[in-house]
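**Student:** next comes the sequence, and after it the predicted model I'd like to discuss.
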Amino acid sequence: MLDTIFSEYGGRLLYLGLLLVAVGGYVVLELFRRPGKTLQHAAVWGLIFMGVLAGAGLWSDIQRQVTVPDQAVMRDGRIVVDQAPDGHYYLTAQVNGTPVRFVVDTGASRIVLTQRAAQRAGIDTEGLAYIGQASTANGIVATAPIRIKSFDLGPIHDQNLRAVVNRGEMSTSLLGMTYLTKFAKVEFSRGQLVLER
């Protein structure tokens with residue numbers, strides 16, 4: 001068995017052995033000449049080596065956290081949304097011709113726009129009647145009913161959709177059940193959301 005290993009990897013092992021002898025010999029020689037400086041350099045190179053190993057080991061996790069998944073990929077008339085690192089599904093739709101980022105929320109009954117998103121979509125948030133209420137993680141917030149003139153998600157075009165504008169603080173608009181039920185198929189499977197009309 002040793003003969004087989006040596007015949008297969010003999011050249012490489014010989015090269016690595018010679019390299020180890022050369023580097024090891026240099027380190028030993030430098031230790032005798034300048035022990036403090038050599039140990040300092042060895043510690044620095046050791047830290048660099050450990051940092052590279054840690055970075056390589058964590059690279060897949062870093063990519064998952066930093067990389068934003070495709071928000072919506074059209075495949076054969078379907079909309080396929082990859083799950084984000086935070087576990088949610090995000091879509092960007094054109095609200096009255098303005099791109100608005102939504103989080104798909106099956107716990108929300110309606111389309112809910114943030115104040116900022118509503119203003120960008122041309123809705124006068126100051127003139128709205130905040131007569132509704134919604135229960136959120138931050139407590140009860142006031143909402144105002146509105147109609148969205150046009151709502152485009154990829155090739156899907158809807159008009160005159162009911163929605164609400166949230167008066168409270170929200171980081172992202174919500175895509176709730178009144179919109180999701182317009183699809184013939186809503187499926188969560190293996191880290192993807194599939195929507196079909």
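**Tutor:** Looks like it came in fine.
**Student:** mind checking what secondary structure Leu47 has?
**Tutor:** Classification of Leu47 by DSSP: H, G, I helix; E, B strand; the rest coil places it in helix.
**Student:** ok, now Tyr179?
**Tutor:** Tyr179 ends up helix, using three-state DSSP.
**Student:** isn't it right next to Ile111, touching?
**Tutor:** Yes. Counting by Cβ atoms under 8 Å, Ile111 is a contact partner of Tyr179 at 5.3 Å. C-beta here means a position set from N, CA and C on the backbone, and glycine is covered the same way.
**Student:** so what sits against both of the two?
**Tutor:** Any residue near both Tyr179 and Ile111 by Cβ atoms under 8 Å, 6 or more residues apart in numbering counts here, and that gives 151, 161.
**Student:** the longest strand seen in the chain: partners in the sheet, and parallel or antiparallel?
**Tutor:** Assignment by DSSP state E gives strand 139-153 as the longest strand of the chain. Within its sheet, strand 139-153 is paired with strand 90-95 (antiparallel), strand 132-136 (antiparallel), strand 156-166 (antiparallel), according to DSSP bridges.
**Student:** mean confidence (pLDDT) on the first one, please.
**Tutor:** Right, strand 90-95. Mean pLDDT, computed over strand 90-95, is 95.
**Student:** next SSE downstream of that strand?
**Tutor:** strand 98-104 (DSSP states H and E).
**Student:** ok, that following strand: who's next to it in the sheet?
**Tutor:** As assigned by DSSP bridges, strand 98-104 forms pairs with strand 90-95 (antiparallel), strand 173-175 (parallel).
**Student:** just put those in TSV and tack on distance to Arg34.
**Tutor:** As requested, the strands paired with strand 98-104 are exported to TSV (distance: least, Cβ to Cβ, whole Å):
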stretch	distance to Arg34
strand 90-95	57
strand 173-175	64
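**Student:** please identify the most buried of these.
**Tutor:** strand 173-175 (a mean of 25; mean count of other Cβ atoms under 10 Å).
**Student:** wait, Glu187 sits on Leu180?
**Tutor:** No. Look at Glu187 against Leu180 with Cβ under 8 Å: they stay out of range, at 11.1 Å.
**Student:** how is the protein divided into domains?
**Tutor:** 2-66, 73-196 (automatic domain parsing).
**Student:** residues in contact with the closest residue to Ile148 other than its chain neighbours?
**Tutor:** Spatial nearest neighbour of Ile148, chain neighbours left out: Leu161 (4.4 Å); criterion: Cβ to Cβ, 6 or more residues apart in numbering. Neighbour list for Leu161: 111, 147-148, 151, 178-179 [criterion: Cβ under 8 Å, 6+ apart].
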